[in-house]
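Visitor: coords below, sequence missing:
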């Protein structure tokens, strides 16, 4: 009977992100994310309310240090929004995206 580590579950409204167990729940229901979507959500969860640029996300999630095609970020953010809620990730025009706390 091991207790989960304190602080391993981050809560954003009805969204729960278990950073240790790599699980996501929305309204108590499990949400299936691809590994890329999970890495993206972990980046947002680590800095809620902070605007993350497409270049930073490319570097951190896809390991593109050379400024690859940023449209791949947009596509995956759209897919992630579809699974966790359209309003959870906000577009900051001209800058990037941020997770609403």
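Guide: Cool, the structure landed. Bear in mind that the values here come from a model prediction, so they are computed numbers and not experimental data.
Visitor: list the contacts for the nearest residue to residue 52 once chain neighbours are set aside?
Guide: Ranked by Cβ to Cβ, 6 or more residues apart in numbering and with sequence neighbours excluded, the top spatial neighbour of residue 52 is residue 96, at 5.1 Å. For the C-beta atoms, the positions are set from N, CA and C on the backbone; glycine is no exception. When contacts are counted by Cβ atoms under 8 Å, 6 or more residues apart in numbering, residue 96 touches 51-54, 56-57.
Visitor: Out of those, which sit inside helices?
Guide: Among the contacts of residue 96, DSSP state H puts 54, 56-57 in helices.
Visitor: Name the member of the residues you listed with the most neighbours.
Guide: Counting neighbours by other Cβ atoms under 10 Å, the top entry in the ones in helices among the contacts of residue 96 is residue 57, with 23 neighbours.
Visitor: Distance check, the closest residue in space to that one that isn't next to it in sequence against residue 22.
Guide: Closest residue to residue 57 apart from its sequence neighbours, by Cβ to Cβ, 6+ apart: residue 73 at 5.0 Å. Plainly put, residue 73 is 21 Å away from residue 22 if you go by Cβ to Cβ, to the nearest Å.
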